[in-house]
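Undergrad: Can you look at this prediction? I've put the sequence above it.
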Amino acid sequence: MNLLLILNFFIYTFLLWLGASSLISGSIKLAKKFNLSDFYVGMTVIAIGTSLPEFFVLLKSAYIDEYSNNLVYGTILGSNMANTCLILGISLVLTFKTGFKYKLKNLNFNYLLIIISTLCFYLFSQAVINNTLLCSIILVTCAFFYTSSKTEEIEDPGSSISIILMIIYLLIGPLIIWFAAEGITSTGLEIIKKMGLSSAFVASVFLALSTSLPEIITTLISILKYGKNDFVLGNIIGSNIANFLIFSVINLIFIVPIPDFKELSLLSILIAEICLFSIVFIYRKNNSIPNSCGIFLVLLYIIFIVNL
């Protein structure tokens, strides 16, 4: 039985890779066809596609009576921490030889918006602000995001790209990602139950990593196959904002009690994003992020897990 569960887990992971490949291919065609920047496409199309697993897990968790608050908060907290530290850290390590360069002109401004959203989430978790205000602030942040960095000069305009083929890629990719992520989450939870781990750990580590697998795989494909660093940045920032927005909307419908998480765990992601913002600001003239920061970000993620 255990071997069958493990086999299913790897099959779903392979499907996830196929879905991510389809989503990336469609996104590249979309960027060329409509003269959109890689960052903008990553922040919208790719981020929404890879955030479907978080939406599924949060919606499903809201129906669970026991430990629902740990599952909801833990998934958001762990997923955004994985995006900020683990995924970007891996990206910086993978581009060690070439350097992690990007085209976006105002990346520090976008990270500042992320910090504002994260701070609002933290204040909400401490019962300082209510959910309506949290949702409003994040919606305003989204508006800022989606009106910035939309277009750039494309060297190879895609006038000859088939719109039908592009739509097929963009529709099939997220659907496969959603199906595969649901399978990974369900299968993984069965395995975790046999290990007797706490719900906070399961949510913040396992569920968060499972729902972040689309981001991880799209990051690997974007960097290793296409060399699209702006896709990676857009996906990370867009996914974090999308996760906060999904949480806000779901919490308006299902009132989720605030769990008893360690304050250090809640502050970890805010600290990580402030550190990253500082690094981006310092090196903004070079339009690059030092690869050595990758090790620092991965270490921050390990500290986060240890302090759960």
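TA: On my side now, so go ahead.
Undergrad: And the helices in the chain?
TA: Taking DSSP state H as the test, the helices found in the chain are 2-33, 38-41, 47-50, 52-62, 68-81, 88-94, 107-125, 131-146, 163-193, 199-201, 208-221, 229-253, 263-282, 293-306.
Undergrad: And the last one, what does it pack against?
TA: To tie it back to what came earlier, the one meant is helix 293-306. If contacts are counted by 3 or more Cβ pairs under 8 Å, 6 or more residues apart in numbering; DSSP states H and E, helix 293-306 sits against helix 88-94, helix 263-282. Using the backbone N, CA and C atoms, a C-beta is placed for each residue, glycine as well.
Undergrad: Show me which positions of it end up buried.
TA: Across helix 293-306, burial judged by 16 or more other Cβ atoms under 10 Å covers 293-294, 296-298, 300-301, 304-305.
Undergrad: so what's Leu94 up against?
TA: 220, 223-224 (Cβ atoms under 8 Å, 6 or more residues apart in numbering).
Undergrad: a markdown table for these, including pLDDT?
TA: Formatted as a markdown table, these follow (pLDDT from 0 to 100):
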| residue | pLDDT |
| --- | --- |
| Leu220 | 87 |
| Ile223 | 89 |
| Leu224 | 84 |
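Undergrad: what about Glu54, distance to Ile48?
TA: Distance from Glu54 to Ile48, counting by Cβ to Cβ, to the nearest Å: 11 Å.
Undergrad: what sits in contact with each of the two?
TA: With Cβ under 8 Å, 6+ apart, Glu54 and Ile48 have common neighbours Ala242.
Undergrad: Tell me how many other residues crowd Gly19.
TA: For Gly19, the count of nearby residues is 26 (other Cβ atoms under 10 Å).
Undergrad: let me fix that: Phe14
TA: Applying other Cβ under 10 Å, we find 10 residues neighbouring Phe14.
Undergrad: now Ser162
TA: Per other Cβ under 10 Å, the neighbour tally for Ser162 reads 12.
Undergrad: Now do it, the pLDDT please.
TA: Looking at Ser162, its pLDDT reads 76.
Undergrad: Gly294 too?
TA: pLDDT, Gly294: 90.
Undergrad: Next: Glu155.
TA: 49.
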